[in-house]
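Chemist: Here is a sequence with its predicted model. Questions after.
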Amino acid sequence: MPELPEVETVRRGLQPVMEGSKILKAEARRKDLRFPFQKDFVARLEGQTVTGLGRRAKYLMADLGSGDVLLMHLGMSGSFRVLKDDGDAAPGQFHHPRSENRTHDHVVFQMSSGASIVFNDPRRFGYMKIIARRALDDEPLLKGLGPEPLGNEFDAKMLAQSCASKKTSLKAALLDQRVVAGLGNIYVCEALYRSQLSPRRLAATLATKKGEPTDHARRLVSAIHGVLNQAIKAGGSSLRDHRQTSGELGYFQHSFQVYDREGEKCQTAKCGGVVRRFTQNGRSTFWCPKCQK
């Protein structure tokens, strides 16, 4: 599943050809993806100008001149491809390479910018939904999402308060989208490693008995900021199914310090430990038992 940096990279790749442009024609080539398309899906898009392209957690959000918002989720294998006279491009860099099979091109937007934007999704776990902007606060897909990890409101105090009463592990808390929105397995593993905190540590240890943030909380927030900004700058993690709109694969995977490095020496200076993997809440956790406490 693409995580926040991958989705942000896709947003930045689509922004130049979508923002300020009108959707001249919208085409849904099947009745559904993960969920059925709304019956008026095409009608509510055609003729509308995209006034802004934003992101909330792992969702892309296109503001339309009508007052509607087009909500888009990449799912597990979804990607966008931009077709222009000077060639194709595919924004986003994913750890898992995206499909080149055009039979999985399910949605097409022809823009007044001269570009055609194609959504390809072999597994069809992605989805799109049009929502009236005034109804966003009540939208079930968005309701309850926690703060953006790169937003101004997300700091050590907020994280400590969110985790103070939790009985779960620190890793499980960070993957809870109600605590912080957009984090996934890769970047949680990386952030915990960089802050030298064990994924098995109780989440509540980020707060004192009075609910104030501990040094652990401050280190962790700093690590989250650092790893996400670094990944966005690198264009995403380039995992198996992720590709930029430019068509290029990402390079942040070469900066992984712990993820997918089972059996390798810990990169922390003078540690001497070895990266281990174990299954936690159904997901692979990579960590160094020696320096992560």
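Modeler: Received it, and whenever you're ready, just let me know what you need.

Chemist: how far away is the nearest residue to residue 58 once chain neighbours are set aside from residue 160?
Modeler: Distance criterion CB to CB, 6 or more residues apart in numbering; nearest residue to residue 58, sequence neighbours excluded, is residue 7 at 5.1 Å. (Each C-beta comes from the backbone N, C-alpha and C, glycine too.) Going from residue 7 to residue 160 by CB to CB, to the nearest Å gives 27 Å.

Chemist: How about residue 213?
Modeler: 4 Å.

Chemist: do residue 148 as well
Modeler: Here the distance between residue 148 and residue 160 works out to 17 Å (CB to CB).

Chemist: Same drill for these two, tell me which one is more crowded.
Modeler: Neighbour comparison, residue 148 and residue 160: the larger count goes to residue 160, with 24 against 17 (by other CB atoms under 10 Å).

Chemist: quick one: buried residues of the helix or strand encompassing the residue nearest to residue 58?
Modeler: Per DSSP states H and E, residue 7 falls inside helix 4-18. The neighbour-count check on helix 4-18 (16 or more other CB atoms under 10 Å) flags 4-15, 17-18 as buried.

Chemist: which of those lies closest to residue 121?
Modeler: Nearest to residue 121, judged by CB to CB, of the buried residues of helix 4-18 is residue 10 at 12.9 Å.

Chemist: Can you show me the strands along the chain?
Modeler: Ranges of strands in the chain, per DSSP state E, are 23-28, 50-56, 59-64, 68-73, 79-84, 87-89, 93-95, 105-111, 116-120, 127-132, 236-239, 276-280, 283-287.

Chemist: partners of the first one in the sheet?
Modeler: Partners of strand 23-28 in the sheet, by DSSP bridges, are strand 105-111 (antiparallel).

Chemist: Next, the buried residues of the partner strand.
Modeler: Using 16+ other CB under 10 Å as the test for burial, strand 105-111 gives 106, 107, 108, 109, 110, 111.

Chemist: Tell me the one among those residues nearest to residue 208.
Modeler: For the buried residues of strand 105-111, the minimum distance to residue 208 (CB to CB) is 49.4 Å, reached by residue 107.

Chemist: Can you tell me, leaving aside adjacent residues, what's nearest to that closest one?
Modeler: What sits nearest to residue 107 in space, not counting adjacent residues and going by CB to CB, 6+ apart, is residue 119, at 4.0 Å.

Chemist: hang on, that neighbour packs against residue 102?
Modeler: No - the criterion here is CB atoms under 8 Å, and residue 119 misses it with residue 102 at 11.9 Å.

Chemist: Quick one: distance of the lengthiest helix in the chain to the chain centre.
Modeler: For the chain, the helix that runs over the most residues, judged by DSSP state H, is helix 215-234. Centroid separation for helix 215-234 versus its chain: 15 Å, with CA atoms, centre = their mean, to the nearest Å.

Chemist: Run a quick neighbour tally on residue 102.
Modeler: Residue 102 has 9 neighbouring residues, counting by other CB under 10 Å.

Chemist: Tell me where the model's unsure across this protein.
Modeler: Within the chain, the stretches with pLDDT under 70 are 86-100, 236-254.

Chemist: hmm, 80 instead?
Modeler: For the chain, the stretches flagged by pLDDT under 80 are 1-2, 85-101, 234-255.

Chemist: Buried residues, the longest helix of the chain. List them.
Modeler: Residues 216-221, 223-224, 227-228, 231-232, 234 are the ones in helix 215-234 that count as buried (16+ other CB under 10 Å).

Chemist: Out of the residues you listed, flag the one nearest to residue 46.
Modeler: residue 232 (32.3 Å).

Chemist: Now do the residue nearest to that closest one when sequence neighbours are not counted against residue 47, distance only.
Modeler: Counting by CB to CB, 6+ apart, residue 5 is the residue found nearest to residue 232 once chain neighbours are left out, at 4.7 Å. Applying CB to CB, the value for residue 5 to residue 47 is 33 Å.

Chemist: wait, what's in contact with residue 288?
Modeler: Contacts for residue 288 (CB atoms under 8 Å, 6 or more residues apart in numbering) come out as 193, 258, 266, 268, 271, 273, 274, 275, 276.
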